[in-house]
Every structure is written in C-alpha cells, then in structure tokens.
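A.B. asks: Return a 3D structure for these sequence lines:
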Amino acid sequence: MPIKLIENFPAKQVLETENIFAIDNERAAAQDIRPLKLLILNLMPNKIDTEIQLLRLISQSPLQIDVDFLKISSHVHKNTSIDHLAKFYLSFEEIKSSTYDGMIITGAPVEKLPFEEVNYWQELVQIMDWSQTNVTSVIHICWGAQAGLYHHYQVSKTSYDRKLFGIYSQEMKHSHRLFRGFDDCFNAPQSRYTGINEAQIDSSRLKVIAENQDIGATVLVSTDDHDIFLLGHFEYDTNSLQQEYLRDQEKGLDTALPHNYFTDDCVDQRVVNTWRGHAHLLYHNWLNDVYQLTPYKLEAIIDEQQKRLNSRKKRD
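C.D. replies: So this is what the prediction gives:
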C-alpha cells in the first residue's frame, strides 16, 4: 500500500529498505483516487519504533493512505525529541475539526495507575469522545484498549500478580469479517500488568472475538463494529519482547522469561516469529473494511457516525 508521508519522515527510509512503498506529496497529488485518511495517536515512549511497526502493517493494500500522527499536548514526552514531535505530530486542537476514515490508539506504559490518575487522562477522554463522531473505525491496542473499554463501555481493568508476558495462543470464539482468513488458533504477543473485568462485558454492546483459556478475552469488537480492542500487540517486531525483557532486567524487575518465546527458554537463541502473518492479515482486513464502510466525502463521516450513535442510544 502506498503510504503518503511527510518529506524526511524518519520511518520512510526504514520502510523503503523493506520494499514497502511510501510516496511523496507530488506523486500522491497526481493519483486520481481518494486516499484513506488515518490518524495514529501514539502513546508509546519510543515513538519511532511504534511508527515503523504500525506503518509496516498498514502497507498491504493497493489503496493510497494519508497518515497523521497525533500527540498528547498535556504530557511531557521524555523519550522522543521535541523536534520530531514538532515536525511530524499534530495536536488535538489542530485536528479536532477534521474527519478520518480510521484511527489507531496505541498502548502506554501506565497500566498500574488508575485511569483518572494518568496525567493526560482528560485529554485522552476528549480524543476518545471525538473519535466516536469523526472517525469511521477505531483500533485500540493494549492499554489503549483497556482505556477505551473503560471509558466507552464501563469495563474496569484488573491487576495481575505478575506481568503477563510472552506469546499466547488465542482461539476464535466468534467469526467476524475483520478476521477473515485467520486460523482457528493464532498467536500474538502480550505484555501487560492488567486485564479486564469480563463480568462487566455487556454482550449487547461488545462481542468477544478471541480468547485464551488461561488469560481470558484478547480481542473484542463493539456490536456496531466501530471500536476494535486488541489487548495484545500484533504490531510487535520479532525482537520486541526480547528488548523489553532485557530492559526489565536492567531495571531490576522480576519479569519472568516471556512465555513461549525464546527457543528452549534461552535468551541467546533465535526467536521464531509466529504472529507476523496474522498481524498483516488483520490490518489488511481492517483497511479493506474501512474502505467499504467510509463515505467518499470525508465530511459525511460525522453524519454517518451520529446516526450510529443515535441508533446505539435507542438500543441501550
């Protein structure tokens, strides 16, 4: 999928070495199609790694995609340069009057805090509310999924005694078009200290798509198909959990070896990626779905989503 990126965007050079097609503004302007417009709210500390991971996954369709990156303004970003944020990221004030075909809200390393104690919670709530009217479809990842479930659907999070960490097999519980082509069982990385209170899931509003017998629900979708919640990290690179494990060790944390990850549980052994294919397929299916659902005129998205919300209120 040709992704239109701002000139000199750092991830572009990395993606080009992987034969992923990124085009500049001049080439994009000459294409007589309406590109999909995506917004990524990147809450992860190492923003450049996350940019590359997500751009890699949305590159698997013949459609042109315009991507905007959104930053939280009420938070000091310590792990990404101010210059990078100023050049490549937008504030909510700059995009709040815009509409998007799709949006991704990433995870964040703040799981142990109550939601209301996260220093940018109120801004995030404002953005999540806006996403319900100005975006056709929203993917929430890990803590972003827990935050969305809590705010939109009143599903609380639960704390684990130890970090849930590793590669976990998941079984399809319900079929859904976003998971066309998926095997009945598939793997995805998990890295979190918290889960969700499944007793609070209202089946009239949320559907559990996939689950693991030991760790519970892993993928949920709202019954109106607007909100997708991925409690794991399909976007992770092969060595992401390895790097995270080594960082935890350097900090003196008692993080166990990631489950079902290292060959023979040996840190020095090669890691076999068992989730890459399903990750690409999921995002390919999502983009295709968004393309089918979203109106051609972007400004019409607000009317479409308001109708959806009105229908949800009547049903509730």
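A.B. asks: pull the CA atoms of stretch 89-105 into CSV?
C.D. replies: Coordinates of each C-alpha in stretch 89-105 appear next as CSV, following Å, rounded to 0.1, in the frame of the first residue of the first chain:
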residue,chain,number,x,y,z
TYR,A,89,3.0,15.2,15.1
LEU,A,90,-0.2,17.2,15.4
SER,A,91,-2.1,18.4,18.5
PHE,A,92,-5.7,17.6,19.0
GLU,A,93,-6.5,21.3,18.6
GLU,A,94,-5.1,21.1,15.1
ILE,A,95,-7.2,18.1,14.0
LYS,A,96,-10.4,18.3,16.1
SER,A,97,-12.4,19.8,13.2
SER,A,98,-11.1,17.0,10.8
THR,A,99,-12.6,13.6,9.9
TYR,A,100,-10.7,10.4,9.4
ASP,A,101,-11.5,7.0,7.9
GLY,A,102,-9.6,5.1,10.6
MET,A,103,-7.8,5.7,13.8
ILE,A,104,-5.3,3.7,15.9
ILE,A,105,-4.8,4.4,19.6
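A.B. asks: So what touches that stretch?
C.D. replies: 36-43, 54, 68-71, 73, 123, 126-128, 130-131, 134-141, 144, 147-148, 286-287, 290-291, 294, 298-299, 301-302 (CB atoms under 8 Å, 6 or more residues apart in numbering). Where you see a C-beta, it was placed from the backbone N, CA and C, and this is true even at glycine.
A.B. asks: quick one: Asp202 from Asp129, how far?
C.D. replies: The gap separating Asp202 from Asp129 is 19 Å, by CB to CB, to the nearest Å.
A.B. asks: for Gln122, same thing?
C.D. replies: Distance, Gln122 to Asp129, by CB to CB: 11 Å.
A.B. asks: and what of Val76?
C.D. replies: Distance of Val76 to Asp129, computed by CB to CB: 24 Å.
A.B. asks: Between the two, which has more neighbouring residues?
C.D. replies: Asp129 (12 against 8; other CB atoms under 10 Å).
A.B. asks: which SSE is that one in?
C.D. replies: helix 121-134 (DSSP states H and E).
A.B. asks: same deal with Met44?
C.D. replies: Counting by DSSP H and E, Met44 is found in no helix or strand.
A.B. asks: That one and Ala108 touch, don't they?
C.D. replies: Yes: the pair formed by Met44 and Ala108 meets the contact definition of CB atoms under 8 Å, at 6.6 Å.
A.B. asks: Next, count neighbours for Leu85.
C.D. replies: Neighbour tally, Leu85, other CB under 10 Å: 18.
A.B. asks: Hmm, it is touching His77, no?
C.D. replies: Yes: in this structure, Leu85 is within contact of His77 by CB under 8 Å, at 6.1 Å.
A.B. asks: residues bridging contact with the two, i.e. touching both?
C.D. replies: Applying CB under 8 Å, 6+ apart, one finds that Leu85 and His77 are jointly contacted by Lys47, Lys71.
A.B. asks: mind listing what's buried in the longest helix along the chain?
C.D. replies: Scanning the chain for the longest helix, with DSSP state H as the assignment, gives helix 276-293. Going by neighbour count (16 or more other CB atoms under 10 Å), the buried part of helix 276-293 is 278-290.
A.B. asks: With stretch 305-316 instead?
C.D. replies: Gln305, Arg308, Arg312.
A.B. asks: Put together TSV for those residues, with distance to Ser81, pLDDT and secondary structure on each row.
C.D. replies: Output for the buried residues of stretch 305-316, formatted as TSV (distance: CB to CB, whole Å; pLDDT from 0 to 100; DSSP: H, G, I helix; E, B strand; the rest coil):
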residue	distance to Ser81	pLDDT	secondary structure
Gln305	35	93	helix
Arg308	39	91	helix
Arg312	41	81	helix
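A.B. asks: Fine by me, we can end here.
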